[in-house]
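Asker: Give me a model of this one.
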Amino acid sequence: MDIADAVVIGAGPNGLVAANLLADAGWDVLVLEAADTPGGAVRSAELAPGYLTDLCSAFFPFAGASRPLRDLRLDEYGLRWRHARDVLAHVLPDGRAAVLNRDPERTAASVEQFAPGDGQRWLDAYAYWTRISGRLLDALFTPFPPVRAGVALVRQLRPGGMMRLARRFLGEGAPLLLAGCALHTDLSPENAGSGVYGWLLAMVGQEYGFPVPVGGAQRITDALVARLRARGGRVEYGVRVNRVLVARNVAVGVAAAGGRAWRARRAVLADVPAPVLFLDLVGADRLPPRLAQDLDHFRWDSSTVKVDWALSAPVPWANPAVAGAGTVHLGGDLDGLSRYATALACGEVPEHPFIVTGQMSTADPARSPDGTESLWAYTHLPHRQDWDADQVRAHVARMEAVLEEYAPGFGRLVVGRRVAGPAELAEENQSMVGGALNGGTAAVHQQLFLRPVPGLGRADTPVDRLFLASSSAHPGGGVHGGPGANAARAALARGRLATGPLYAAAIGAAQRLVNR
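Answerer: Alright, predicted model coming up:
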């Protein structure tokens, strides 16, 4: 039986961040990945000769804002970043566009066109952000409750300050930037918490941009793996873990189909969704009854349809102000966004979808031949695991109709296309259950100390030495490494107590369990 101090299930970004932090502490770390390549949702592939696409995650607004990623110094392992000329554009049905640029004055000039005074209001909102952003982001990426960072933040936050700033805008431009950012999650503009998330992502974009890795999202994964191996960590591929070995309520290893097993001296960390970890890998019979009941009410985020296109020329936007934006929001004004989100909440397919579009060559010219574009877009469907190919094709047609509406002639430029519906996303990455990208809903009832279920707001689990390291844990979805870093911190803290007869007895029981 192979033995390591820590066994990490899953070589997605959270699993690799956790593994790196444990290796930094001198632990012997083994990562087991079901796929043949690492990265999970952070991978790249060639769409057509000369066209590089990112298979899922593509723009990384939290990469610069996240201390867990920043502290790993992945630039020393070849990671380089690029920015599009503009961060984000949201196009209205009448063709006008609100544009977010890393220069606050340029963003202000854009939203000023929608209502006099909104430019200054944006600058005021950003000034407020700069006063609190350091402590806010420290609190966000700290295990819940973030006591020290949280107390310092409360001293600066006026009650309702964030929301008051959002409501002060008189025109449509600035609110659309915020609402469109909120819809990167499964929240509607009317949901509690959507304003906070939209404001957070828009302000992170204002300060840090939405950068892309030079050469594709795979470069993030490559840098994480290279850093881990430089510290003695190991990664094995093609290993689908199907059981966490538990003895006397202590996680002491994992097993895969076929009977192969690995022992963990100190910890097992799981970069898999919470229901998969607890119900499939551990088993409801080993859980407190209340936890098993709460998991019955776990809510996934929406299913996703993503399309990649290789274009023979740049996107022919009707509004040229959109041409320089890396990320483009299409498909509605505020009322249209509400209708789209309401349809999803009611389990209905939106007839006119809101789509998030990425111009990858605009951000990183190496993604396609000169004078062309590597483009993608995604939208959502109600969460289900039984979407069939015909339903996905029909929704792709709706997405392409939206693109034709805002960029007439788009379809004539397509020289390659790849469609990934919910089933394909789940097949490529077992963590994307039903095509859900964020490990569970972003709704307030499943956030902070309620994520993934009430009472499990930290990486620790009811099974000793077993830690949840996926986006199902606080602080949730996005490529920022927060859940993985929190799990590594918890494992290190617990590892310092890894002595005594109880643990020795548990190891002996686990050995007998594996050898049966």
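Asker: Regarding Leu200, what is its secondary structure?
Answerer: Following DSSP: H, G, I helix; E, B strand; the rest coil, Leu200 is assigned to helix.
Asker: show me the residues around it that make contact.
Answerer: Leu136, Cys181 (Cβ atoms under 8 Å, 6 or more residues apart in numbering). Backbone N, C-alpha and C define where each C-beta goes, glycine included.
Asker: One more: Glu207?
Answerer: For Glu207, the contact set (Cβ under 8 Å, 6+ apart) comprises Ala65, Arg102, Tyr126, Trp129, Thr130, Ser133.
Asker: before we move on, what about Arg265?
Answerer: Counting by Cβ under 8 Å, 6+ apart, Arg265 touches Ile3, Ala4, Asp5, Ala6, Asp28, Ala498.
Asker: now swap in Phe298 and tell me
Answerer: Listed by Cβ under 8 Å, 6+ apart, the contact partners of Phe298 are Ala274, Pro275, Gly440, Gln446, Pro452, Val453.
Asker: how far away is Leu178 from Gly326?
Answerer: From Leu178 across to Gly326, the span is 18 Å (Cβ to Cβ, to the nearest Å).
Asker: Low-confidence regions, the stretch 1-150 of the chain specifically.
Answerer: 143-150 (pLDDT under 70).
Asker: which residues in it form strands?
Answerer: Secondary structure of the stretch 1-150 of the chain (DSSP state E, counting those that start in this stretch): strands at 2-9, 29-33, 44-48, 51-54, 81-82, 86-91, 97-100.
Asker: Reformat those as CSV; add mean neighbour count and distance to Val250.
Answerer: Below are those laid out as CSV (neighbours: other Cβ atoms under 10 Å; distance: least, Cβ to Cβ, whole Å):
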stretch, mean neighbour count, distance to Val250
strand 2-9, 23, 13
strand 29-33, 25, 18
strand 44-48, 19, 39
strand 51-54, 25, 39
strand 81-82, 18, 42
strand 86-91, 29, 47
strand 97-100, 27, 49
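Asker: Of these, which is nearest Gly347?
Answerer: Gly347 lies closest to strand 86-91 among the strands of the stretch 1-150 of the chain, at 26.4 Å (Cβ to Cβ).
Asker: Which neighbouring elements make contact with the top helix by length along the chain?
Answerer: Ranked by number of residues, the top helix in the chain under DSSP state H is helix 118-140. The contact analysis (3 or more Cβ pairs under 8 Å, 6 or more residues apart in numbering; DSSP states H and E) places helix 118-140 against helix 104-112, helix 147-156, helix 161-167, helix 173-182, helix 194-208.
Asker: which of the residues in stretch 280-299 are buried?
Answerer: Leu281, Val282, Leu287, Leu291, Ala292, Asp294, Leu295, Phe298 (16 or more other Cβ atoms under 10 Å).
Asker: which of these lies closest to Asp86?
Answerer: Set against Asp86, the nearest of these by Cβ to Cβ is Phe298 (37.7 Å).
Asker: For Met432, see how far away that closest one is.
Answerer: 15 Å.
Asker: which residues of the stretch 251-400 of the chain fall in helices?
Answerer: For the stretch 251-400 of the chain, the helices defined by DSSP state H, counting those that start in this stretch occupy 274-275, 289-295, 334-345, 360-363, 389-406.
Asker: Right, I'll leave it there.
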